[in-house]
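**Q** Sequence and predicted structure below; questions after.
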Amino acid sequence: MELSFDRLTKQYGSKIAVDRVSAVLKPGVYGLLGENGAGKTTLMRMLCAILEATSGEVFFNGEEITAMGAAYRNILGYLPQDFGYYPNYTATEFLRYIAALKGIPGNIAKKRIRELLEIVGLDHVASKKVKTFSGGMKQRVGIAQALLNNPQVLILDEPTAGLDPKERVRLRNLLADYAGNKIVILSTHIVPDIEAIADEVLLMKSGKLILQGTVPQLVQKADGKVWELSVSEKEARRWETETTVANFRHEGSQVVLRILSDTKPAEYAIPCEATLEDLYLYYFGTTEGADKDENS
């Protein structure tokens, strides 16, 4: 199984939202990282055939997805950033409605809905109206509807939004298990979620795909750029204005800073092992990383 896209581009007037993005995806979990406005949602909508590309093509197993029509929609599951729901429907009624839209036979849908409500931890509120749910519970209904047709390609835009830490772990485990023989693409601003489950990470910036690789491969690019130093509270404020501080913690009267820099920021700075969050901050939060691309 393979989902590929070749020089995929979306332009609105003079603004290029997605700029000639190409990749080949096979079964596994792919994490899409980037700032707001990087083009993640636009890319996902084109991969779902919801949004028409200005140029470029998307293929599933070698066949162009718009030519596949309903056949592609039948193997696709999608959770948009803000999915619509009918507030007066119960969780079960809403999922039955979505199942009908997807053409899932009633007897199969009934069993699948029971399974999914249990998987996402909503079986105890299956008969309650969605409008009474918390934000995290509504998000879990959205995840369930995306999984209804047991899709071969599952695309989730900010699926962890509104979920508490326990719910995020549950979702991560679900997706890791589900992706054994499926293609799962998810975007999120919570870097540890992607670091925990992504087989590969795609880093987007200003509409371009600037990096792609496994977490260890990408983290390696931040090696030698992460430093720790202990300073006074007064000095800490200066460091925060002059450098990119990834983290800080108080130790007695001192403040320990985690700093991102191409060069050793001070004689007493200690090199640290990089993380995916360090890499993200390096490319989006430092002057040194601002113009870096996949060839750097």
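**A** Received it, and whenever you're ready, just let me know what you need. Note that the coordinates shown come from a computational prediction; the quantities given were computed from them, not determined experimentally. Numbering: from 1, shown residues only.

**Q** What segments of the stretch 1-150 of the chain are strands?
**A** 3-12, 15-25, 28-33, 55-60, 63-64, 76-79 (DSSP state E, counting those that start in this stretch).

**Q** Okay, residue 29 and residue 204: tell me how far apart.
**A** 17 Å (CB to CB, to the nearest Å). Every C-beta, even on glycine, is put in place using the N, C-alpha and C of the backbone.

**Q** Neighbours of the nearest residue to residue 164 once chain neighbours are set aside, how many?
**A** Sequence neighbours aside, residue 136 is the residue nearest to residue 164 in space, at 6.0 Å (criterion: CB to CB, 6 or more residues apart in numbering). Neighbour count of residue 136, defined by other CB atoms under 10 Å: 16.

**Q** OK, contacts around residue 136?
**A** 162, 163, 164, 167 (CB atoms under 8 Å, 6 or more residues apart in numbering).

**Q** Could you do residue 90 as well?
**A** Here residue 90 is in contact with 126, 127, 128, 129, 130 (CB under 8 Å, 6+ apart).

**Q** contacting residues around the nearest residue to residue 183 once chain neighbours are set aside?
**A** Spatial nearest neighbour of residue 183, chain neighbours left out: residue 153 (4.9 Å); criterion: CB to CB, 6+ apart. Residue 153 makes contact with 3, 47, 60, 75, 76, 77, 182, 183, 185, according to CB under 8 Å, 6+ apart.

**Q** ok, now with 6 Å
**A** 3, 76, 183 (CB atoms under 6 Å, 6 or more residues apart in numbering).

**Q** Wait, residue 223 touches residue 274, no?
**A** Yes. Look at residue 223 against residue 274 with CB atoms under 6 Å: they come within range, at 5.4 Å.

**Q** the more surrounded of the two?
**A** When neighbours are counted by other CB under 10 Å, residue 274 comes out ahead of the other of residue 223 and residue 274, with 20 against 13.

**Q** Against residue 217, how distant is that one?
**A** 12 Å.

**Q** So residue 202, which state does it fall into?
**A** strand (DSSP: H, G, I helix; E, B strand; the rest coil).

**Q** Near it, how many other residues are there?
**A** Other residues close to residue 202 by other CB under 10 Å number 24.

**Q** How about the contacts made by the most centrally placed residue in the chain?
**A** Closest residue to the average C-alpha location of the chain: residue 187 at 1.5 Å, with CA atoms, centre = their mean. Contacts for residue 187 (CB under 6 Å, 6+ apart) come out as 32, 40, 157.
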